[in-house]
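Return a 3D structure for these sequence lines:
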Amino acid sequence: MRPNSILKLAMGCFLSVAASFAAADAHSQATPRQATPNGPGLAGVYGSLSPDQAEFLSSPDAIKSAAASGAPTLVWETLEHGEKIECLDCIALVSPLLYDANAKTREIAAWWLRRRIFGVFGEGEVYQQTIQTLQTNADPVTRSYAAYALGEFFASPGIDACASALVTDGDARVRSAAASALGRLNDDGAGALGKALSDSDPTVRLAALASAGRINAFSSASALAALTSDTSADVRRRAIEVLDALDVADAVAPVTAAAQNDADPRVRAVACHALGTFGNSSVLPVLAKLSQSDTDAFVRDQATIAMLRL
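Sure thing, here's the model as predicted:
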């Protein structure tokens, strides 16, 4: 490019930048928009914001109508925008949604109900009725929904109720729901989660494992190691993931065996990752062999990464 052309290009860029700064300075000198809107109605709160962009609060009538309709998206939206609306008459219409077929509807119904100051947690009210439903209802699906609801209420009386259901209920769906609820309640149910690790149904064992990995204090970590040889590959994999997350270094031996011998490559892969977490260098020869000879490429990669972490 010729020198004159370069000079013209440079001058053009300079003038463009200067014009931008001048425009910005002119804008800064203009009368600023009112930072805090004032006045009546929508403008008093949101200023010049378009009405369809403003947050709205659900009226009691809207909550009643949405709950009665049972339409999932309408229920979700209306209850979300009715978080702080006190409406005693609404409770009787929202509480049946705890047993709706749609899981998200059940969740947001419990979310709305647990925020009520009155009408939910008193004697004979919704919360106590939910505990009673878990304990006595003849329908296992209804009992399972009650257990899930108790988990979403975040209230301590639900811990004992769910722990009892987890140990004694004859239906695996209820036990699984109770195990999940204890995870939401951040409690192992005085050892009930640990007992559920040996439940006859794999869905219950998986639910218990999920909760064991999320609560602050799990009292039965030693029971996790036995699940590394579970009949279900999903249970074996999840058990090793929880051992990894909890950094249960005492489980080196069974996890090493899983890394070497498990028929499922997903299990072998998570086992290699866990061995890297435990920090026991005695497993280096095992990992070195797996990094070279395992039939699955992902397992080989996980073994290599685990070696780098030790």
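
Going by C-alpha atoms from here, please, whenever you check contacts or count neighbours.
Fine.

Identify the residue nearest the residue most central in space within the chain in space, chain neighbours excluded?
A centroid search over the chain (Cα atoms, centre = their mean) returns Arg184, at 8.9 Å, as the residue closest to the centre. Using Cα to Cα, 6 or more residues apart in numbering and skipping the chain neighbours, the partner closest in space to Arg184 is Gly151 (5.2 Å).

so what's the residue nearest to the centre of the chain up against?
Arg184 sits next to 151-152, 154, 211, 215 when contact means Cα atoms under 8 Å, 6 or more residues apart in numbering.

Could you tell me which ranges of the stretch 1-150 of the chain sit under the pLDDT cut-off?
Along the stretch 1-150 of the chain, the model assigns pLDDT under 70 to residues 1-49, 51-55.

go again using 80 as the cut-off
By pLDDT under 80, the low-scoring segments of the stretch 1-150 of the chain are 1-56.

and Asp294, how many neighbours?
By the other Cα atoms under 10 Å criterion, the neighbourhood of Asp294 contains 18 residues.

can you pull the contacts of the nearest residue to it once chain neighbours are set aside?
Of all residues not flanking Asp294 in the chain, Arg300 sits nearest, at 5.9 Å (Cα to Cα, 6+ apart). For Arg300, the residues meeting the contact criterion (Cα under 8 Å, 6+ apart) are 269, 290-294.

Average pLDDT for stretch 259-266, rounded please.
Per-residue pLDDT over stretch 259-266 has a mean of 98.

ok, back up a step: any of the contacts of Arg300 buried? List them.
By neighbour count, with 16 or more other Cα atoms under 10 Å, the contacts of Arg300 hold 269, 290-291, 294 as buried.

from those, which is closest to Val120?
Nearest to Val120 among these: Ala269, at 47.0 Å, using Cα to Cα.

Let's have the buried ones among the contacts of Arg300 in CSV, adding pLDDT, secondary structure and distance to Asp201.
Formatted as CSV, the buried ones among the contacts of Arg300 follow (pLDDT from 0 to 100; DSSP: H, G, I helix; E, B strand; the rest coil; distance: Cα to Cα, whole Å):
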residue, pLDDT, secondary structure, distance to Asp201
Ala269, 98, helix, 25
Leu290, 97, helix, 32
Ser291, 96, helix, 35
Asp294, 96, coil, 31
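
Surely Ala177 is in contact with Leu150?
No - in this structure Ala177 lies outside contact range of Leu150 using Cα atoms under 8 Å: 9.8 Å.

Surely Leu243 touches Ala251?
Yes - counting by Cα under 8 Å, Leu243 does reach Ala251; the two are 7.4 Å apart.

More neighbours: the two, which one.
Taking other Cα under 10 Å, Leu243 and Ala251 do not tie; Leu243 has more neighbours (28 against 21).

pLDDT value on the residue nearest to the more buried one when sequence neighbours are not counted, please?
Nearest non-adjacent residue to Leu243, counting by Cα to Cα, 6+ apart: Leu224, 6.9 Å away. Leu224 is assigned 93 on the pLDDT scale.

could you list every residue that touches Leu224?
Neighbouring residues of Leu224 by Cα under 8 Å, 6+ apart: 197, 239-240, 242-243.

try Ser219
By Cα under 8 Å, 6+ apart, the contact set of Ser219 is 188, 191, 194.

Top of these by number of neighbours, please.
When neighbours are counted by other Cα under 10 Å, Asp188 leads those with 27 neighbours.

Name the SS class of it, please.
State at Asp188, reduced to three classes by DSSP: H, G, I helix; E, B strand; the rest coil: coil.

That one is in contact with Gly213, isn't it?
No - using Cα under 8 Å, Asp188 is not in contact with Gly213; the gap is 10.6 Å.

Show the backbone phi and psi for Ser232.
phi -100, psi 130 (degrees, to the nearest 10).

And the pLDDT at it?
97.

Number of residues surrounding it?
16.

distance of the residue nearest to Asp294 from Leu227?
Here the criterion is Cα to Cα, to the nearest Å. By it, Arg300 lies 23 Å from Leu227.

okay, now Cys272: neighbour count?
Neighbourhood size, Cys272 [other Cα under 10 Å]: 31.

Is it in a helix, a strand, or coil?
Following three-state DSSP, we place Cys272 in the helix state.

Next, the contact list for the closest residue to Leu88 other than its chain neighbours, please.
Nearest residue to Leu88, sequence neighbours excluded (Cα to Cα, 6+ apart): Gly119, at 6.3 Å. For Gly119, the contacting residues are 88, 91, 125-126, by Cα under 8 Å, 6+ apart.

Show only the entries of those found in helices.
88, 91, 126 (DSSP state H).

Let's verify the nearest residue to the last one once chain neighbours are set aside: helix, strand, or coil?
In other words, Val126. Spatial nearest neighbour of Val126, excluding adjacent residues (Cα to Cα, 6+ apart): Val120 at 4.8 Å. Secondary structure, three-state DSSP: Val120 is coil.
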